[in-house]
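my questions concern the predicted model and sequence given below.
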Amino acid sequence: MDLRLSGRVFIVTGASAGIGEATVRLLTAEGAVVVGVARKPRRDEDVAADVADRAAAQLVVDTVLERHGRLDGLVNNVGGLDSRTSFLDVSDDDWLATFDLNFHSVVRFSRAALPALTEHGGSLVHVASEAARFPDTSLVDYAAAKTALLSMSKTLAGEFGPRGVRSNVVSPGPTRTWLWDRPGGFADQLADQFKLPVDEAIEHFVRDVRRLPSGRLGTPQEVAGVIAYLLSPLTSQVTGAEWAIDGGALRQI
Ligand SMILES: NC(=O)c1ccc[n+]([C@@H]2O[C@H](COP(=O)([O-])OP(=O)(O)OC[C@H]3O[C@@H](n4cnc5c(N)ncnc54)[C@H](OP(=O)(O)O)[C@@H]3O)[C@@H](O)[C@H]2O)c1
């Protein structure tokens, strides 16, 4: 299927690893022009920036407009978390840092991108998480930031739909990226929790704890595929939506 993305210009935040990197690869393979954002970018075309820096979003958008003269879409992918042991241990600074990375960055990038997106019509895709609908002590601040993202995306869809801009959310479930495989990441945490080797701990988590109908963790490429589809004119009637890419984890109607 031709996604009709050739020649279109996109920004992807959190572009040097995981879901962001897979998205850059897929969009590029579809003939799009992609500018990624990360603190340590992988490609020459990308911009080095920390999204927690208040000036970063406008700087990135200005750079893209200078280089390419237009912007057709923004993927607000950047995000991350530190596991918590109790609500009482999460300080004001922790809350602010989590919201800066997972929510305020999305506010700032969307605000910087919208004037250009309204010129030709465009698409915003925000990467939330199943955590937005499964709050838990270990994710208390992260889940709250991702829930806020669902609300903001709906608001953007309502205000900017009449000006040709769509706003949608993808909500990944457990997806095997560096968040899982880094030292001390989710995989190591599960191994500690279940007192099992890493691979067996993941298997136990997938089959017995989460009972994922797909029977496995997701891949970054599977999330990237849905992001690319939501950027495409093939989904021009889809806005204000949330698409789960979670192997069937979300059971409620
Ligand atoms: N993996 C999962 O299981 C899962 C599940 C649900 C939702 N998600 C969501 O999916 C999105 C992507 O997650 P992922 O697992 O692909 O993450 P990842 O593999 O940890 O990659 C994170 C990316 O963000 C960049 N980044 C981190 N902090 C940054 C900052 N302050 N400024 C600029 N760039 C920054 C990193 O590059 P640098 O270090 O070079 O900056 C990297 O490119 C996130 O929003 C996450 O919450 C993931």
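Received, thanks. Numbering: from 1, shown residues only.

can you list phi and psi of residue 12 for me?
The phi/psi pair for residue 12 (degrees, to the nearest 10) reads phi -130, psi 120.

measure it to the ligand for me?
9 Å (CB to the nearest ligand atom, to the nearest Å). All C-beta atoms are positioned from the backbone trio N, CA, C, and that covers glycine.

do the same with residue 233
Taken as CB to the nearest ligand atom, the span from residue 233 to the ligand is 24 Å.

that residue contacts residue 8, correct?
No: in this structure residue 233 lies outside contact range of residue 8 using CB atoms under 8 Å: 9.1 Å.

so what touches the helix or strand hosting residue 160?
Here residue 160 sits within helix 140-160, counting by DSSP states H and E. For helix 140-160, the surrounding residues in contact (CB atoms under 8 Å, 6 or more residues apart in numbering) are 76, 79-81, 84, 87, 90, 94-95, 98-99, 101-103, 106-107, 110, 114, 117-118, 124, 126, 128-129, 131-136, 165-169, 171, 239-240, 242.

tabulate the CA atom coordinates of the following helix or strand past that helix in CSV.
Note on helix 140-160: by DSSP H and E, the next helix or strand toward the C-terminus is strand 165-172. Extracted in CSV, the C-alpha atoms of strand 165-172 (Å, rounded to 0.1, in the frame of the first residue of the first chain):
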residue,chain,number,x,y,z
VAL,A,165,-4.9,19.5,11.2
ARG,A,166,-5.7,16.1,12.7
SER,A,167,-4.5,15.0,16.2
ASN,A,168,-4.4,11.4,17.2
VAL,A,169,-2.8,9.2,19.9
VAL,A,170,-1.1,5.8,19.7
SER,A,171,-0.9,3.9,22.9
PRO,A,172,1.7,1.2,22.9
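
right, and the helix or strand after strand 165-172?
Trace forward from strand 165-172 with DSSP H and E and the next one is helix 178-181.

got the buried residues for that following helix?
Residues of helix 178-181 classed as buried: 179, 180 (neighbour count, 16 or more other CB atoms under 10 Å).

can you tell if whatever helix or strand comes next after that helix touches the ligand?
Remark: after helix 178-181, the chain's next helix or strand is helix 186-194, criterion DSSP H and E. No: Helix 186-194 lies out of reach of the ligand by CB under 6 Å from any ligand atom, never closer than 7.0 Å.

name the helices or strands packed onto the next helix or strand after helix 186-194?
Using DSSP H and E, the helix or strand that directly follows helix 186-194 along the chain is helix 198-204. When contacts are defined as 3 or more CB pairs under 8 Å, 6 or more residues apart in numbering; DSSP states H and E, helix 198-204 sits against helix 186-194.

next one: the residue of the stretch 151-253 of the chain found nearest the ligand from residue 127, what distance?
For the stretch 151-253 of the chain, the residue closest to the ligand is residue 177, as judged by CB to the nearest ligand atom, at 3.3 Å. As judged by CB to CB, to the nearest Å, residue 177 and residue 127 stand 11 Å apart.

next: residue 151.
15 Å.

and residue 118, by the same measure?
22 Å.
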